[in-house]
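A.B. asks: give me the fold of what follows.
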Amino acid sequence: MDWGSVAGLAIALAGILVGLKLEGGHLDSLFQPAAMLIVVVGTIGAVLLQSGTRQFTDGMRMLRWVFLTPVDDYEAVRRDMAIWNGVARREGLLSLDRYITKARSPFMAKGLRLVVDGIDSQTVRDILDRDISAYEIRQRLAVKVWEAAGGYAPTIGILGAVLGLIHVMENLGDPARLGSGIAVAFVATIYGVGLANLVFLPIGARLKAMVAREVLKLEMIADVLVSIANGENNRLIEDRMAAYPR
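C.D. replies: This next block holds a predicted model:
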């Protein structure tokens, strides 16, 4: 569990609720089921229409990365690559065959298999680069689900506010029903802006950074595998890995 993400969300919500209380407001006034339904369901529908089922599902799956951050195996990958290079220089590329099944990811296993099969380094580079590009495109499209939600939510909140005002105008002759209509109008705007800026957009930015770091790791793996295929010495490979951020 990434407690920093949990704390960040809790602090943001607490700041709003405490501020409301200090101004003399009532917390009950923020709980309007109709406004929540308009904003949440409307945003989901708009995002689903834009992204499609597969991209939307991928975006939802990525949400767990924010609170259950994947294990950072950057240093372990560096150590594995250094070991592979040492073995390859001492025993030859075919000796790396025993490490394929022990690779930390399918991408590493695929790259190592290409090297063991004696594929020329340029072809190895082309194949791995295409895999990296496909991975990056797929992940960035999934992240756009959250960015799109952050864009649509405030507008749909305004739509909810207009619907609430319509309800108010229709019941000007019934003062008892004016209060609920006005509440829905203003609370819908709060939900739209709040969800966008406190939840959707921060999640999108966090996921984008995580995808960028993962892509850098894949590029490092591809770079080192090509170097191993070319028979470069350990110091040069260590310099290549050092060029990538930890």
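A.B. asks: identify the residues contacting Asn230.
C.D. replies: Ser121 (C-beta atoms under 8 Å, 6 or more residues apart in numbering). Where you see a C-beta, it was placed from the backbone N, CA and C, and this is true even at glycine.
A.B. asks: pLDDT score assigned to it?
C.D. replies: Listed pLDDT for Asn230 reads 85.
A.B. asks: what helices and strands are in contact with the strand or helix carrying Ile221?
C.D. replies: Element membership of Ile221, judged by DSSP states H and E, is helix 201-229. Helices and strands touching helix 201-229, by 3 or more C-beta pairs under 8 Å, 6 or more residues apart in numbering; DSSP states H and E, are helix 53-67, helix 74-91, helix 106-116, helix 121-170, helix 234-242.
A.B. asks: list of residues touching the second one?
C.D. replies: Applying C-beta under 8 Å, 6+ apart, the external contacts of helix 74-91 come out as 95-96, 99, 103-104, 108, 112, 115, 217, 220-221, 224-225, 227-228, 231-234, 237-238, 241, 246.
A.B. asks: quick one: mean pLDDT for that helix?
C.D. replies: Averaging pLDDT residue by residue across helix 74-91 gives 85.
A.B. asks: so it versus helix 201-229, what angle?
C.D. replies: In terms of direction (axes from the mean of the first three to the mean of the last three C-alpha atoms, to 10 degrees), helix 74-91 departs from helix 201-229 by 10 degrees.
A.B. asks: where does the record place the domain boundaries for this protein?
C.D. replies: Annotated domains of the chain cover 1-31, 33-246 [automatic domain parsing].
A.B. asks: highest average neighbour count across those domains?
C.D. replies: domain 33-246 (a mean of 17; mean count of other C-beta atoms under 10 Å).
A.B. asks: hmm, who's touching stretch 121-139?
C.D. replies: 58, 62, 107, 110-111, 114-115, 119, 211, 214-215, 218-219, 221-222, 225-226, 229-230.
A.B. asks: nearest to Ala34, out of the helices and strands packed on helix 201-229?
C.D. replies: Ala34 lies closest to helix 121-170 among the helices and strands packed on helix 201-229, at 8.0 Å (C-beta to C-beta).
A.B. asks: for the closest one, what is the average pLDDT?
C.D. replies: 90.
A.B. asks: stretch 235-243 now?
C.D. replies: On average, stretch 235-243 scores 77.
A.B. asks: which residues does it contact?
C.D. replies: Stretch 235-243 has contacts (C-beta under 8 Å, 6+ apart) with Arg78, Met81, Ala82, Asn85, Met220, Asp223, Val224, Ser227, Ile228.
A.B. asks: out of everything not next to it in sequence, what's closest to the fifth one?
C.D. replies: Okay, so that is Met220. Nearest residue to Met220, sequence neighbours excluded (C-beta to C-beta, 6 or more residues apart in numbering): Tyr244, at 4.3 Å.
A.B. asks: can you classify that neighbour by secondary structure?
C.D. replies: coil (DSSP: H, G, I helix; E, B strand; the rest coil).
A.B. asks: next, it: phi, psi?
C.D. replies: Note on Tyr244: its backbone torsions stand at phi -90, psi 140 [degrees, to the nearest 10].
A.B. asks: how close does it get to Arg89?
C.D. replies: From Tyr244 across to Arg89, the span is 21 Å (C-beta to C-beta, to the nearest Å).
A.B. asks: try Ile190
C.D. replies: Distance, Ile190 to Arg89, using C-beta to C-beta: 63 Å.
A.B. asks: equivalent analysis for Ser105, please.
C.D. replies: 23 Å.
A.B. asks: got it, and Met60?
C.D. replies: 45 Å.
A.B. asks: what of Ala46?
C.D. replies: Distance, Ala46 to Arg89, using C-beta to C-beta: 56 Å.
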